[in-house]
Structures are given as structure tokens and as C-alpha cells.
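K.L.:
here is my input, please return the structure:
(chains A, B and C)
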Amino acid sequence: MTQQARNWLLLAPAGTLFLVMLIIPLTVVLIFSFGERAPSGGVVPAFTFEQYANLPARWTAFKNTMTLAPVGTLSALIIAYPLAYFLAVKVDSKWKTILLVMVIVPFWTSILIRSYAWIFLLGGRGIPMVLDWIGIEGVRLINTPFAVLMGIIYGYLPLMVFPIFVSLDRLDKQLLEASSDLGAKPWRTFLQVTLPLSIPGIATGCMLVFILLMGEYLIPALLGGGKVFFVGNALVDLFLQSRNWAYGSAVAVALIVVMLITITFYMRLIGRLGTSRDDVSIM
Amino acid sequence: MTKQIDHISKKKFIEELERYRKGSITRRHFMNITGLGAATAVLGATMSGPQAFAAGDIGDRVVLATWPNYHDESNFEAFTEATGAHVQVNVFGSNEEMLAKLQAGGSGWDVYVPTNYTITTYVDEGLIEPLDTAKLPNYDASAFDARYAEAGSVGGKLYAVPKNWGSTGMAINTAHNGGKAISSWKEFFDISRDSFSGRSMVHDYQLTTIGSALNYYGYSFNSVDESELADAEKLLIDVKPHLFAITSDYQPSMRNGDAWLTICWSGDGKQLNTDIPEIHYVLGSEGGEIWSDYYAIPKSAPHKEAAYALINFLLDPNVNAKEVLAHGYPTADSNTYKLLPDSIKNDPILFPAKELLSPLEFGAAVTMTDPNRAELMARFKSA
Amino acid sequence: MRIYATCVYLFLYTPIAIIALFSFSAGRHASQFQGFSIKWYGKALSNPFVMDALETSLMVAVASAFLASVFGTMAAVALQGIKGLVRTVFDSLIYVAVMIPGIVIGIATLIGLVTVFDQLNPLVSTLWPTGFTPPKLHMGMGTLIAAHTVFLMALVVIIVRAKLVGMDRALTEASSDLYATPMRTFQQVTLPIIFPAILAGFLLSFTFSFDDFIIAFFVAGSETTLPIYIFSSIRRGVTPEINAIGTMVLGVSLLMLITAQLLLQTGGKKNK
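P.N.:
The predicted structure is shown next:
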């Protein structure tokens, strides 16, 4: 068997799966997005841009997603970074593994159950009751954008901590020592050595969390009370309530396009940061 | 304990139930879990034995798609004990959601609970199985009030048998309104934007949420008129920032005090009022929905025999009476009605006065399939 | 720093502690603690739907993690030796599969396959020999496993490829110079090097598939996975049964982790 034949054979299962489970479904979505809604739901084949013209009707959902996804990603980053730094640099190696595992363990309880715990914590008998007790009255948390943000940070924090930890852990401790030996103040060392070296970890973590948030459905559904709506919620609504497959397909296509643009842009940005990092290491 | 009373006749059981009820126990006490729990054990025992069910092996499971807070869980336990089939209960918040799931194929449901006005659509779409009454010996057509049973037959064929009927009104926690209830949809939407801001809820269900907004202007609950719908949309969008939530499962937030006002189905109103007397259930003076829910079998049901057995079991007047006590909705079955305690028969939430019911409308089939209403609801939610 | 870390751990564990606490409540409602009881554990374990859902979730997770690891590794190895159009197509497919949100994968798979099945089913039944009931393609465990596999496979390709790129080419070349068959080279040289990456891919895939709700929500047909069961339970008003399930899943994962750690430690000692 020639090497080429062998390669084809090795690629066959992956290729078949991609064709049947990715290319065909996405093509059907694309075709449907030019169709029309059938009277009782489903789709009538057509060629119309009507569904795309109607996209502004979901503007708020796109706006919510496009604000809460980056804000959620950034908040998770801000909370995760010091912890990852602490775990990678400050903690004794004896405790490192245990503490790291403890970050991941919450991830093994279903996100549904964890969000359910937040329904209770943010509801009238949870944190607001405690606040009431210490004199801050009338605080309402559940079913607000804040509740959704809270759920997002909670749900995705481990995904952010892990890659940053990995990149910081690889960092040569001698580099830090050298920097301080040369009389650099700690924050200067951090800004000029540590932070640039951890950029790959930050990039991976942000990308992971951002992708997941762009398609988020559960957290807004459970903690937003139907009031904080993401594109994901709009999609579920269109397919599972109003049964408008044509319009739903157009919204799905729009979401994919938005993501392609954002992520390509993001990769460019990271690429540029990457080159500036090389400058730092040369310096 | 169950073994000892295995051979109590149904008649004797009803006497027991009556005695139990007439004792020094209050209605509220009777309704709580312990009371029902005791009754359950008794009932579960009398029900065991194959005579009440379809003969033959029905398998070990049956999947029911229904609404929130809609059954007495102990009846399912009794069903499992008697037949060996476990009941999985899936809960939905709107008829649209049920239809969408069935249309997409492979719902896996054996029994579902459609509302009167949706059944013709299911028939048109070929999603619903005509019922074989021979497999439903407990179904006594003559015992049902035709008003709440007629929607089950389409084109002379029986597709669905009545579960119970009810009304759609509102529940208000009067403790936050100076002890006063309200009585109209106008008040509902007005106080939602005022003293109840951040405390009221509407359903995640276009029929009732849009319907109530239409009622606010004095339009028909079922309107598909474009300018009337535009008014309703304006009102809903205006109210939205003041809402606590858009959800069809509003009991938890009403119970824990997060929310004070909600669009409410009468049985939920009854359940809430029983446990928290400050929560009142009222009908809107402008109108609202009167409806009847049915048991039906999807064409795609994987366990049809078990589906018939479950429906037949739930139609048994003794079982149905317990269902009524748990869910608080009125039954259209006179055989079941006879078994209910007087306190239920005279309950103003279950059986409101005629003049309160008269402005209510049954949902219309077109309301379910009208694309404008569906899209209005989706817009309102994503606004 | 230490205080900060403690705060983050508190943030991570308070909700979990609450879940575990309420799993021991005797009351019916998951948000009010009414006396200590372990009855919900018994209820969960004797509820056939919970056990079925768990079984379905495990089967789907094992099958899709296994298939994704095998197919993904095969593709990663093959792609090493391929350039040009095929390479570009596969690379973009991998990129798309990883990047598209789960909800879009779920929806696309649902409407795509329902449409295809609607076309295929009549065709199959006309071609099928009379007298036999023709098979009917439908949404179910098969479609769910396939949907999970396709994008987990993309993930495995990425992980394994990172390892393959770092591998010294001289090793495989030396092996084939010594007249080892390609299969032998793979078994004895490549596989041991990339195995940790495959294992990592498998574990990641398993975790993801086991916890996935949104794809299963659309694609699972009449099958109920554990997350789907939990979702419908949350909607019907949660009893502490759900808390008990969550606590048990967490407990079992912890137990597995500790066992793995112990095994690795003793294994490590033996090697020394």
C-alpha cells in the first residue's frame, strides 16, 4: 500500500463524519435561511432575503451576547489571573496539584446543578436576605444581567485558570529572579516579564470562554428569568417555540458570521501581541 | 400495611376518604402532603391488581409530557406498583413547545397533554393517534360535560380524552397591596409598571401573555388582528423592564416571595392560595382564557400499550379525584366530581360564579398557528 | 494573595456546599431545609429514569470519546503527510467544528438530519425486501454520538497534532531505514510519544460529552441523558433528588481521581 493510499484511508472516517455531521447540516441551515416559514412551522423552500432583512428584530439578543460575552470573558480573566499566578508562582509544589485539582472539581458537577445553586443564592432567600439583615434593603439579584454575569464567571472560571496556570508554570523562575537582581521593581518585572510570557495562556483561556459564551443558552435561561436574552436563547425560541426554521437558520448563520469575524480579528490581535512578545524577550 | 387492606372495595375506600375528611381536620391540613400521603397509601393498595388496566404486558416505562404542577406524584407511584411501568414526567411551558418537539420528530413521548384549541392542528399535521376506546374502559363519554370534552373529537374521530379544565387569570400576593386583590388585566399591567415593578411575571406562552395584553385594551383574547396585536406588543415591551420574569413555572418565585403578581392558571392559584392564603386568584373582568386539557397519544409513541394503560388509569374516578385534590383544577367528569369533598365542589377558585366565567374565551386554533403572534412573542422575549 | 485565593475558593465551593447540604433535606423542596434525611439518595438510585439517563450519558460519553480519539488520531497522523488542497479543507473543517457554538451544531444537526432522513426513509423502504420491516432512520443515541464525535474529534486532532509537530522526525525516519513497516513504526515509535496527548484528548472528550446539555437537547431524539433529565427536573420544580444526583456524580469523580492519583504514585514507585 502506498503512503498516499494509507493517508486517504486514515482520513476516511474523519472525512465521512465531517461530511455527514458538519457540511450537510450547515448547508441545510444555509439553504433554509433563504426559505420561508411554513404556516404551521417548519420551512417552505424559496429564495428570499426576507429572513436576513428581519435580523434587526433580534438586535437586542445580539447586543446582549456581544456585550456580556466579552465582559464575562474579561471578568473571568481578571478573577482567574491572580489565582493562576498564585498557583503557578507562589504555591509550594507540594500543594500545587491539590489546589489546581480543586479549581477543576466544581466543573464535574453539571453546570445545570451549579446554576441551580445560584438560583437559590441570588433569589430572595439567599444573598438579598443576608444583605437585608445587615441593613441593605430591596436588593434584587436574580433575573438581572448581573445574575447572568455571575453565573458566567462561576461556570467558566476553571476554563480560564487552567491555561493561564500552564503558561505561567512553564515560566522560568530564574528569569524572575534575574529581573529583580537587576533592580527591577516587582510590578515592572510583572509587566515586562511575567505578563508577556503568559499571553499564550490568556489567549487560549479567553478564546475558550468567549466561544462558549457566544453560544450560551443555559445560564441566561436559568438565571435571567427569560429577561436577559442571548442569541442562543433566541435560537432555542425560534426552533422550539415559534417553529420558525427559516428565520432561525438566518439567525444561526448570522451568529456564525459574527463569530468568524470576531475570532479572526482576535487571532490577528494575538498574533501581533505575540510578535511584540518576541521583542520583549529579545530585550 | 398495604397488604392488609388489599381487598378493600372501592366503595369502602370512598367511605374511608369521607370519614377522613369529616374528621376534625381542616381543609388546609387535608391538602398538605402528609394527609395526601396517607390517602395515597390506601389508594395505591386498592388500585393494585390487574383488573383496572389493559391486560397483557405493557413494558416497564411510559413517558408523559405535561405541564408544571399538574399531577399527584403518588398516583404515578401507584401506577408503577400496579403495572410495573415507571412514569417519566416531562414538563413544558407552552403548547407551542410541545408542537415544536413533536414536529421535529422523535419526542419519545407516549402520552401528552394538549389544550383544546391545539388538537385540530395536531390532526392536520398527522402527529396524533386516534384513540381506541376499547383500550380505555374507564372512559365514560356520557359522564363528561360536552363543553370540556368536544374538542377531543375531530371529524367524528376521538383523538383525546378530557383531563381537566380551568381558567387563566392572575395570582396576587395581597400582603403587598394593602390586603387588596385586583380584578382586571388593566390593573395587572398598570400596577406591574408601578407599585409592583420588578415583582410581576407573565407566562413564557404566547396565548396567555399576548391574550392578557389584548384583554387590557378590551380586545379579544384570540385576536390576530394586526393593529390590535401591535397595541399588545407596545404594552408588553413597555412592561418588560418592570417584570420579574417571563416564565410558565411561576410557583417557586411566588412561594419564596421574590414575585408578588403573575398570570396564573386556576389550579396553580388554588395550590398557592391553599399554602399561602394571602395569595389570591382572580379572573380579569375584561376576559381571559377558559380551557380544557386532554390526554392524547402521539403517532410516534414508542410504548402505545403503556400509554393506553396510563390514560385509562388516570381516568379512573378514584385516581382522578386524587389528581384534582393535588392540582386544584376542576374536572369535567361527573363520576369524579361525585367523589370530591364539598369544600372542593364549593371552592370559588375551581368553580367560579357563572358571571365571572362568561367573559372568558376558549383559545382558537388560529391563535396557535398564526405566525404573527408567534413572532410577536419571540420579539417581546428578545427585546 | 493568599486571602484572595481563599476568597476565590470560597466562591467556587459555596454553591457546591449548598447543593450537597440540601441533598440531605427531608423536605420536598430543594430550597428549604427540613430535617436531615438520606431518602433522596435512595429515591435517586431506585428511579429507573435516573439510572437510564446515567447509563445513556455514560454510553454516549465513552463511545464518542473513544471514536473521537481514534478517528482524531488517525486524521492527525495522516494530515502530517498531506499538503495542498486536502490539507487546507481539513484544517478549515477542524477550525469550523471547534469554533461553532454547540447550540448551532445542535440545531444544524437536528434540521439537517431530519431533512435528510425524511428523504432517505421512503427510499430505504422501497428498496427493502418485502416482508421485512425496513429500518427507519431517526434521531437518537446514534445521532447524538455522531454529533459529539465530530467536534470532539476536531479537538483531538488539535491536541495530538501539537505533540506530533514537536516530535523528532529523525525517529520515524530511522525506524523506516531499519526496514520497520509503517505500522510497526507507528506502534513502536509514534504511538508511545503521542499517547499522553491521545489520553488527554480522550479524557477531555469524555468530560465534555458527559456534561453536554445543549447539543443533546436538540439531537438526542427520545433519548434522555443525565443533563437533559436534570434540566426537565429543574423545570418541574426540583426535589432534593437532583441535589443527591449531583453530589453523587461529584463524589464518584473525586473517588476516581484519588484512585488514579494513588495508582500513578505506586506505578511511579515501581518504575524506580
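K.L.:
hey, where'd the strands end up in the stretch 51-200 of chain B?
P.N.:
All strands of the stretch 51-200 of chain B, identified by DSSP state E, counting those that start in this stretch, fall at B:61-66, B:86-91, B:111-112, B:153-154, B:157-158, B:160-173, B:200-202.
K.L.:
select, out of those, the one closest to C:Gly221.
P.N.:
For C:Gly221, the closest of the strands of the stretch 51-200 of chain B is strand B:61-66, at 12.1 Å, according to CB to CB. Quick note: C-beta positions are derived from backbone N, CA and C, even for glycine.
K.L.:
ok, the closest one: who's next to it in the sheet?
P.N.:
Strand pairing for strand B:61-66, using DSSP bridges, gives strand B:86-91 (parallel), strand B:111-112 (parallel).
K.L.:
rewinding a little: so which of the strands of the stretch 51-200 of chain B comes closest to C:Ser57?
P.N.:
Nearest to C:Ser57 among those is strand B:86-91 (15.3 Å), distances taken as CB to CB.
K.L.:
CA atoms only for the closest one - export them in CSV, please.
P.N.:
Listed next in CSV are the C-alpha coordinates belonging to strand B:86-91 (Å, rounded to 0.1, in the frame of the first residue of the first chain):
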residue,chain,number,x,y,z
HIS,B,86,-42.4,3.6,35.6
VAL,B,87,-43.7,7.0,34.6
GLN,B,88,-41.3,9.7,33.3
VAL,B,89,-42.8,13.2,33.5
ASN,B,90,-41.5,15.9,31.2
VAL,B,91,-42.8,19.4,31.8
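K.L.:
for B:Ala245, helix, strand, or coil?
P.N.:
Following DSSP: H, G, I helix; E, B strand; the rest coil, the label given to B:Ala245 is strand.
K.L.:
can you count the residues close to it?
P.N.:
Using other CB atoms under 10 Å in any protein chain shown, B:Ala245 has 20 neighbouring residues.
K.L.:
go on, B:Leu235?
P.N.:
With neighbours defined by other CB under 10 Å, the count for B:Leu235 comes to 20.
K.L.:
tell me the contacts of it?
P.N.:
Counting by CB atoms under 8 Å, 6 or more residues apart in numbering or on different chains, B:Leu235 touches B:Phe189, B:Ala213, B:Tyr216, B:Tyr217.
K.L.:
try 6 Å
P.N.:
Applying CB atoms under 6 Å, 6 or more residues apart in numbering or on different chains, we find B:Leu235 in contact with B:Ala213, B:Tyr216.
K.L.:
how about it, phi and psi?
P.N.:
Note on B:Leu235: its backbone torsions stand at phi -60, psi -50 [degrees, to the nearest 10].
K.L.:
again with C:Leu144
P.N.:
Phi and psi for C:Leu144, reported as degrees, to the nearest 10, are phi -70, psi -50.
K.L.:
look up the pLDDT of it for me, please.
P.N.:
Looking at C:Leu144, its pLDDT is 95.
K.L.:
one more: A:Gly42?
P.N.:
With respect to pLDDT, A:Gly42 has a value of 76.
K.L.:
so which of the strands paired with strand B:61-66 comes closest to C:Ala63?
P.N.:
So among the strands paired with strand B:61-66, strand B:86-91 is nearest, using CB to CB, at 23.0 Å.
K.L.:
got the CA positions of stretch C:166-174 in PDB?
P.N.:
Only the C-alpha atoms of stretch C:166-174 are listed here, as PDB (Å, rounded to 0.1, in the frame of the first residue of the first chain):
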ATOM      1  CA  GLY C 166       7.100  18.600  18.400                       C
ATOM      2  CA  MET C 167       8.200  15.000  17.600                       C
ATOM      3  CA  ASP C 168      11.600  14.400  16.200                       C
ATOM      4  CA  ARG C 169      11.200  13.300  12.500                       C
ATOM      5  CA  ALA C 170      14.600  11.500  12.600                       C
ATOM      6  CA  LEU C 171      13.000   8.900  14.900                       C
ATOM      7  CA  THR C 172      10.400   7.700  12.400                       C
ATOM      8  CA  GLU C 173      13.000   8.000   9.600                       C
ATOM      9  CA  ALA C 174      15.400   5.900  11.500                       C
END
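K.L.:
worst average pLDDT in the strands paired with strand B:61-66?
P.N.:
Among those, strand B:86-91 has the lowest mean pLDDT, at a mean of 86.
K.L.:
neighbouring contacts of that one?
P.N.:
Identification of contacts with strand B:86-91 by CB under 6 Å, 6+ apart yields B:61-65, B:68, B:76, B:80, C:48-49, C:232, C:235-236.
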